[in-house]
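Enquirer: predicted model and sequence follow; I will ask about them next.
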Amino acid sequence: MQLTDVAGKRVLVTGSAMGLGKLFATRAAREKAAAVVLWDINEGALKDTAAELEAEGAVVHHYVVDVSSQKSIAKAAAQVRQEVGSIDVLFNNAGIVRGNKYFWETENVNDISATMSINSLAPMYITLEFLPAMIASGSECRIVNIASSAGLVSNPRMSVYAASKWAAVGWSDSVRLELEQAGHDHVKITTVCPTYINTGMFDGAKKMFMTPILEQEEVVDAAWKEMKKGGPFVVIPWTSRLNQALTGLLPVKLKDFFLDKVGVYNSMSEFTGRKPE
């Protein structure tokens, strides 16, 4: 069953102080969600976003949450259940990327644990907090997990990030299948796998052949549309779907030759990332 909009739904967005998360939260507010719940670690930006949405008439609840910590997640989730109620639509959007070196050149091993904790484990812990109530509700509910095209192919100079997104994709789509097998058809999971997005997070990343840096709005539009339909995947742009297909079809040497020539394997060589504020 499709959702026509999120009016009357309680929507939670992680990483919602800026970027895609802020756009998802804004979309929920404009569709008259019953409550828009914002989670982010950046308290200043979080308060600014909350104020902007409240000025538009939205009912907003905002929480400073470190999603790299399971304890922080559990504490915030308990607050949400007490102050807002159960969540109907969840966007697991928070994510990080670190470095552009080869794996053996890693200087700070904490980057590994942080990347895996935020990109892989956090969506699992957060979903576990809210999914049981979604199942019990019997009403249309949605979970949108923002992964990456890096979770579909291998990529030099981002091995840990790719690993975190491979984990996210495998987990997300497996839970989708579990819900279908168990007959919980009112809860749908959508896994979103875009290439590099113009958020600042991937500043310095090189464009690949026929693959532009995506604008935030087009990613949000595609994810929102598929979320309402209850579709399983958003893989954009079309070149990512092609790369995924060829990865599964071609022998390794031919696959590596192709992805190298179209620029995938060199796309992170000049990566700098978002500058500290």
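Expert: Cool, got the structure. Keep in mind the model is a prediction, meaning the values are calculated, not measured.

Enquirer: all strands for the stretch 151-277 of the chain, in order.
Expert: For the stretch 151-277 of the chain, the strands defined by DSSP state E, counting those that start in this stretch occupy 187-194, 233-236.

Enquirer: tell me the most buried of these?
Expert: Greatest average neighbour count among the strands of the stretch 151-277 of the chain goes to strand 187-194 (a mean of 25), per mean count of other Cβ atoms under 10 Å. C-beta here means a position set from N, CA and C on the backbone, and glycine is covered the same way.

Enquirer: give the pairing partners of it; include direction for each.
Expert: When pairs are called by DSSP bridges, strand 187-194 turns out to pair with strand 141-146 (parallel), strand 233-236 (parallel).

Enquirer: want to throw these into CSV with mean pLDDT and distance to Asp185?
Expert: What follows is the strands paired with strand 187-194, written out as CSV (pLDDT from 0 to 100; distance: least, Cβ to Cβ, whole Å):
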stretch, mean pLDDT, distance to Asp185
strand 141-146, 99, 11
strand 233-236, 92, 17
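
Enquirer: tell me which of these approaches Pro156 most closely.
Expert: strand 233-236 (20.8 Å; Cβ to Cβ).

Enquirer: send me that closest one as PDB with only the CA atoms.
Expert: What follows is strand 233-236, C-alpha atoms only, in PDB (Å, rounded to 0.1, in the frame of the first residue of the first chain):
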ATOM      1  CA  PHE A 233      15.900   0.400  -3.600                       C
ATOM      2  CA  VAL A 234      16.900   3.700  -5.000                       C
ATOM      3  CA  VAL A 235      20.200   3.500  -6.900                       C
ATOM      4  CA  ILE A 236      21.200   6.700  -8.700                       C
END
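
Enquirer: for the strands paired with strand 187-194, give me CSV that also has distance to Lys47.
Expert: Output for the strands paired with strand 187-194, formatted as CSV (distance: least, Cβ to Cβ, whole Å):
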stretch, distance to Lys47
strand 141-146, 23
strand 233-236, 30
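
Enquirer: before we move on, back to that, Serialize the strands of the stretch 151-277 of the chain to CSV and add fields for distance to Asp5.
Expert: As requested, the strands of the stretch 151-277 of the chain are exported to CSV (distance: least, Cβ to Cβ, whole Å):
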stretch, distance to Asp5
strand 187-194, 15
strand 233-236, 18
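
Enquirer: show me where pLDDT drops low in the protein?
Expert: Counting by pLDDT under 70, the ranges of the chain that qualify are 1, 199-211, 266-277.

Enquirer: got the buried residues for the longest helix along it?
Expert: Assignment by DSSP state H gives helix 159-181 as the longest helix of the chain. By neighbour count with 16 or more other Cβ atoms under 10 Å, helix 159-181 contains the buried residues 159-169, 171-173, 175-176, 179.

Enquirer: next one: stretch 104-115
Expert: Asp111, Ile112, Ala114, Thr115.

Enquirer: noted, bye for now.
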